[in-house]
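Asker: Structure, please.
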Amino acid sequence: MSNASLQDFCNRIVAAGRITAADLATLSGELLPDGLVTRDEADLLIALDRAVAQPNAAFADFLVACVVDLAVWGERPTGYVNAETARWLAASIGAGTGPTATGARIAVEVVREAQSADETLIAFALAANGRTSPDEVPGTLLAA
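Answerer: Okay, the predicted model is just below:
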């Protein structure tokens, strides 16, 4: 998959203002059949989540699963989120203004899935969790 194809897809979705079930099928079946392979791909989809006016629960689930898989199992050493990966992920999800509800879910699920995560990401996940209502972030780290 080329980043140009994924970028074209994202541009089309942003112009439409929403992600349909057909769009998600194209994304998961044609553009990213093996999930996310690079951080650039993850950054594009994280930005897409932020840019789309009408969130889609199925897209959020897809994005969370793909970013968790990339950050925890696609980066070396597998199962661990080191400081460099934690900084990248927190910056991408936060985008300078704080995470979306999906971004907060990503941070929480990466910390949960990893055998060990750098304190930068743990702190980010806890802070994101505190700014988002439990209804928005299923499986939050902090009990209500």
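
Asker: Give me the buried stretch members for the least confident helix or strand in the chain by mean pLDDT, please.
Answerer: Across the helices and strands of the chain, the lowest-confidence element by mean pLDDT, DSSP states H and E is helix 119-131, at a mean of 90. Within helix 119-131, the residues scored as buried using 16 or more other CB atoms under 10 Å are T120, L121, I122, F124, A125, A127, A128, N129. C-beta here means a position set from N, CA and C on the backbone, and glycine is covered the same way.

Asker: could you list every residue that touches the first one?
Answerer: Read that as T120. A83, A86, R87, A90 (CB atoms under 8 Å, 6 or more residues apart in numbering).

Asker: ok, for the first one, nearest residue in space, not its chain neighbours?
Answerer: Read it as A83. Spatial nearest neighbour of A83, chain neighbours left out: D118 (4.5 Å); criterion: CB to CB, 6 or more residues apart in numbering.

Asker: Tell me the pLDDT of the one you found.
Answerer: D118 carries a pLDDT value of 97.

Asker: separation between it and V111?
Answerer: To V111, D118 is 10 Å away according to CB to CB, to the nearest Å.

Asker: tell me, what's touching those two both at once?
Answerer: Common neighbours of D118 and V111 (CB under 8 Å, 6+ apart) are V81.

Asker: neighbour count winner among these two?
Answerer: The residue with more neighbours, out of D118 and V111, is V111; 24 against 20, by other CB atoms under 10 Å.

Asker: picking that back up, I'd like the buried residues of helix 119-131 as CSV, with distance to W73 appended.
Answerer: CSV is the format used below for these (distance: CB to CB, whole Å):
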residue, distance to W73
T120, 19
L121, 15
I122, 18
F124, 20
A125, 18
A127, 25
A128, 22
N129, 23
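
Asker: out of those residues, who's nearest A42?
Answerer: L121 (14.0 Å; CB to CB).

Asker: re the thing from before, next, work out how far apart the residue nearest to A83 and I93 are.
Answerer: With CB to CB as the criterion, D118 and I93 are 14 Å apart.
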